[in-house]
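> Dropping a prediction and its sequence here:
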Amino acid sequence: MVKCLIDYRTAYRKVWRRKRAANQAMRRRSAGRRLKACPEFKLCTSGWEKTICKRLTDNGIAHRHQVRYPVVLGNGKSITYTADIVVGDVIIEPHFFIDEAFISKMGAFRAQYPEKRVILVTLNDFIPDVPRSIYNESVPIEYDVFVLSAVEKLGGSGR
Ligand SMILES: [Zn+2]
């Protein structure tokens, strides 16, 4: 009888052990470079905000949460816009319900804080319906890793 089945667990055990040792060594080397945790993680008000926070923290990008800006709306009403995540002059706004109130608030904020740059993070399918004027860059939450290149593009300094 010809034995034609390979037991992959046996055949690849050596390869697997070598890969595991290499991974462990890499993790030990990079351990000191990673930020341990975001000091303001507890301020996160949504799951999406936590997702972005972890993404920034894992990549060593310092940021702040729930930063408040006074804004005057088009109808003359004064409100406070609370930005979810701020990286230098870049605002990261993970937002699910894009309604008229949100659009007018963001429009007024951008007009009154022209030096700020806004990254809108929402569902990929929602992005085409959001007025282009209220954000500089958009990132689908499904591909939240792109928030890193968006921050880099807009010059977020990580202050
Ligand atoms: Zn954070």
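Received, thanks.

> use CA for all of it now, contacts and neighbours both
Will do.

> I'd like the average pLDDT over stretch 57-68.
Stretch 57-68 shows an average pLDDT of 94 in the prediction.

> If we go by neighbour counts, what in that stretch is buried?
57, 60-65 (16 or more other CA atoms under 10 Å).

> go on, stretch 105-119?
Buried residues in stretch 105-119 (16+ other CA under 10 Å): 105-110, 116-119.

> rewinding a little: can you redo the buried residues of stretch 57-68 as a markdown table with secondary structure and distance to the ion?
Shown next, in a markdown table, are the buried residues of stretch 57-68 (DSSP: H, G, I helix; E, B strand; the rest coil; distance: CA to the ion, whole Å):
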| residue | secondary structure | distance to the ion |
| --- | --- | --- |
| Thr57 | helix | 7 |
| Gly60 | coil | 11 |
| Ile61 | coil | 9 |
| Ala62 | coil | 8 |
| His63 | coil | 6 |
| Arg64 | strand | 6 |
| His65 | strand | 6 |
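
> on that earlier part again, could the buried residues of stretch 105-119 go into CSV alongside distance to Ala37, pLDDT and secondary structure?
CSV is the format used below for those (distance: CA to CA, whole Å; pLDDT from 0 to 100; DSSP: H, G, I helix; E, B strand; the rest coil):
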residue, distance to Ala37, pLDDT, secondary structure
Lys105, 31, 96, helix
Met106, 29, 96, helix
Gly107, 33, 95, helix
Ala108, 33, 96, helix
Phe109, 30, 97, helix
Arg110, 30, 96, helix
Lys116, 26, 96, coil
Arg117, 25, 96, strand
Val118, 24, 97, strand
Ile119, 22, 97, strand
